[in-house]
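1. Please work out how this folds:
(6 chains)
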Protein chains: 4
Amino acid sequence: MNPDERKLQILQCAKKLFSKNGYYETQISDIVDEAGIARGTIYQYFKNKDEIFATLFENFYKKWERMISETESSIDLKNVTPHDYLKSRIKSSLYFFASDNEMCNIVLRMGVGINKNFDSVQKKLEKKIFNVITNDLKIGQQFKNISMDIDTQLFANIFTGALFRIAYYYFVVHKTQKESHDIDLLADKVVSLYSPGLFLKK
Amino acid sequence: MNPDERKLQILQCAKKLFSKNGYYETQISDIVDEAGIARGTIYQYFKNKDEIFATLFENFYKKWERMISETESSIDLKNVTPHDYLKSRIKSSLYFFASDNEMCNIVLRMGVGINKNFDSVQKKLEKKIFNVITNDLKIGQQFKNISMDIDTQLFANIFTGALFRIAYYYFVVHKTQKESHDIDLLADKVVSLYSPGLFLKK
Amino acid sequence: MNPDERKLQILQCAKKLFSKNGYYETQISDIVDEAGIARGTIYQYFKNKDEIFATLFENFYKKWERMISETESSIDLKNVTPHDYLKSRIKSSLYFFASDNEMCNIVLRMGVGINKNFDSVQKKLEKKIFNVITNDLKIGQQFKNISMDIDTQLFANIFTGALFRIAYYYFVVHKTQKESHDIDLLADKVVSLYSPGLFLKK
Amino acid sequence: MNPDERKLQILQCAKKLFSKNGYYETQISDIVDEAGIARGTIYQYFKNKDEIFATLFENFYKKWERMISETESSIDLKNVTPHDYLKSRIKSSLYFFASDNEMCNIVLRMGVGINKNFDSVQKKLEKKIFNVITNDLKIGQQFKNISMDIDTQLFANIFTGALFRIAYYYFVVHKTQKESHDIDLLADKVVSLYSPGLFLKK
DNA sequence: GATGAATGAGTCTTCATTCAT
DNA sequence: CATGAATGAAGACTCATTCAT
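-> Numbering: from 1, shown residues only, chains lettered A, B, ... in the order given. Next up, the predicted model:
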């Protein structure tokens, strides 16, 4: 097998295992076994375990960049409607993630999700949150405030995702101790975005 | 120190470190040092490292449940407007996460984000995605399709969060190999939710 | 509870556990739990774990000495037949061991027998040896060389015990590298002891 | 060094140390030092300390089985005298144990005998018992009930071994609470076996 | 290049013992 | 005397990485 093929093979085996078990729960021996090569061989192609992981990310990143620029070149900004522009963006992104669900799992793995021991407890919380939102949507439909046509599962995911991201971004990454009126303002803005598309006019 | 206090103290120190360095990069010795106690003491209170982590999650889960039921009992379903209902939900959730940004980090930590080595590469991708969305919003404003009043940063986060969640949910967790028309349909639905609140009528 | 009673209670609990699980697999916490006392209390009565164990042995030793001297004073050497003398010795010894089967287990535990993990593998060997001997006895009966009246189980134990002891004594404790003719001689002597009582005259 | 040699080497070093210090008092580091290898190397060959110990037993067991079947195939049941049959058995067993006195020690180690701390107290009791029996034999010789030719040391070992084994078997392993007449019966049977070969006819 | 035996620093975990209350 | 929280030395085991063949 030539060096490039071998390198690719190692990356694919590693990707599979990282996706399944996470970085820390994937041992070099696992990768080596999966690839059917000798323990030392892997170090001919990668400096260390980190480099394998980083390479996977790097490649994924480059693929994403390529996809974005392709999408952009296929859109005629002058003549496209906002609807279609948005749709085009969303579609190409979704196709992209759908095309490699192992990397998708590695990159997007929510929360801890890296050790099977904690999956249950982590999942329990996520499920709870998801259920509350789903339930709220159904109440809205019952009260005829929300159309019966919406995909509650999808919308619940949208709200969950948005909520988690906002919380993470404002309270963790940009940990400017949010004052209460900041949070109120945030909530107002979120509502203003979702209301028109979500609620039926009466 | 009495057992309850000690247990609490250990949990707090562990939370701080897990939040900062992640589960795998937090050693028992780190927790022990942080708490200023002896190595063995920690095992008087927890069977092992896993149990400490799980306890943190468990507690957070219970707190969330309490918050949800309190919010619910404070809403008069009959007389509340959909807007206010939605706002109330969003606000209480955001306050909740804001109240404990360490757990928030642990629970919501996006993607891998558990090893500092990978932060850069992981962040690079996230940032790229975030920037594309922010940029799109700005283009929309430039073309007068989107109001100049919107909080682009917030909206970019909302879209990023929703996108990631959808991808994760449909392509990883419920890995029903999505056919292309499924993805198209998903995109349509997402657009229908966001369009009314996002785009200016002309 | 007065000091002497407490000490006795600790010894009894320890004896029970040492008998069941062996010295190394018995923790101070186990003894303390069994006795329903505090962890520190045990050190008011014994310097350390070793001392507890040693005390049990010491007491057993003293009891044995007492038993022996009592048996001796009850025998009238001048007027007793050898048969009765031997019987008296055997009986009193057996009664002694039967009176405290926990100490009996601790003192006589054959081989390793101290860690449940090894019981199976150790027992397998002992069983094998025992079975070979039992089988030989039955063959002897079949060929009418040995009386049908003997208790094969008992005799198999006698031979097993004697064999183990001889091997242990001559090859381990007094590890004078036994020459082949020494072993032959040993075997001759053993046969001369057992033959008359074991084999039928023809 | 090739894997088979290395594995064998580790087993030999471990055997030596287990025999000398017992299972619990033998540390992985001791084995590793004895073998002159690195700490981790041992785990390439054995899952853990238990497995090393169990392997030694397993091998010994297989060797014993082989010896037994060889002995059996070398005896012509039809034409051998009971005496010779018994002698052959005893001899091959003794040779077997003599051939590996380290395993002999591990397998037959009487009683606790696993921690040097207790050797003294354990040995004291064993010695006492042994001495009583030796003394009885000498009294028997003095009274001309027992031949002056017997090997008192050997016979004392035989009786000690048989006694211990009987006690262990009937009072510990098969702990049917022996009634007094059971014990009397046992004693009778034992006497009937030993008397003819032990006592001189008058 | 490939191999896989060897390495050893690094971690978790146990448990007898101490000591302030 | 009794308590039980705290201790920390000691030991088992892991696993990424190296290197002689």
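2. which bits of chain A sit near DNA strand F?
-> Neighbours of DNA strand F within chain A, by C-beta under 7 Å from any atom of the strand: A:Gln27, A:Ile28, A:Ser29, A:Arg39, A:Gly40, A:Tyr43, A:Asn48, A:Lys49, A:Asp50. Every residue, glycine included, has its C-beta placed from N, CA and C.
3. repeat that with 6 Å
-> Where chain A comes near DNA strand F, counting by C-beta under 6 Å from any atom of the strand, the residues are A:Gln27, A:Ile28, A:Ser29, A:Arg39, A:Gly40, A:Tyr43, A:Asn48, A:Lys49.
4. Among those, which one sits closest to B:Asn59?
-> A:Gln27 (31.6 Å; C-beta to C-beta).
5. what's the neighbour count on the closest one?
-> Residue neighbour count, defined by other C-beta atoms under 10 Å in any protein chain shown, stands at 12 for A:Gln27.
6. How much space separates it from chain D?
-> To chain D, A:Gln27 is 14 Å away according to C-beta to the nearest C-beta, to the nearest Å.
7. any idea of the pLDDT on the residue most central in space within chain A?
-> For chain A, A:Leu108 is the residue whose C-alpha lies nearest the centre (C-alpha atoms, centre = their mean; 3.4 Å). pLDDT recorded at A:Leu108 is 74.
8. Report the spatially nearest residue to it, omitting neighbours in sequence.
-> Leaving aside its sequence neighbours, A:Leu108 sits nearest to B:Tyr168 (C-beta to C-beta, 6 or more residues apart in numbering or on different chains; 4.3 Å).
9. ditto for A:Ser29
-> A:Arg39 (7.0 Å).
10. Also A:Asn101?
-> Spatially, and ignoring its direct neighbours in sequence, A:Asn101 is nearest to B:Phe171 (4.7 Å; C-beta to C-beta, 6+ apart).
11. Equivalent analysis for A:Arg89, please.
-> Nearest residue to A:Arg89, sequence neighbours excluded (C-beta to C-beta, 6+ apart): B:Asp136, at 6.4 Å.
12. Surely the one you found is in contact with A:Ile90?
-> No: contact between B:Asp136 and A:Ile90 fails when scored by C-beta atoms under 8 Å: they sit 10.6 Å apart.
13. what does stretch A:160-173 rub up against?
-> A:110, A:126, A:129-130, A:133, A:176, A:178, A:186, A:190, B:90, B:93-94, B:97-98, B:101, B:104-105, B:108-110, B:154, B:157-166 (C-beta atoms under 8 Å, 6 or more residues apart in numbering or on different chains).
14. Kindly write the ChimeraX command that selects the buried subset of the residues you listed.
-> To isolate the buried ones among the contacts of stretch A:160-173 in ChimeraX, judged by 16 or more other C-beta atoms under 10 Å in any protein chain shown, type:
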select /A:110,126,129,130,133,178,186,190 /B:90,93,94,97,98,101,104,105,108,109,110,154,157,158,159,160,161,162,163,164,165,166
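15. Which neighbouring elements make contact with the helix or strand bottoming out on mean pLDDT in chain A?
-> Of all helical and strand segments in chain A, the minimum by mean pLDDT, DSSP states H and E falls on helix A:116-142, at a mean of 78. With contacts taken as 3 or more C-beta pairs under 8 Å, 6 or more residues apart in numbering or on different chains; DSSP states H and E, helix A:116-142 sits against helix A:152-167, helix B:49-73, helix B:82-99.
16. So what touches the second one?
-> Helix B:49-73 has contacts (C-beta under 8 Å, 6+ apart) with A:117-118, A:121-122, A:124-125, A:128-129, A:132, B:10-11, B:14-15, B:18, B:23, B:28, B:31, B:42, B:46, B:88-89, B:92-93, B:96, B:100, B:103, B:106-107.
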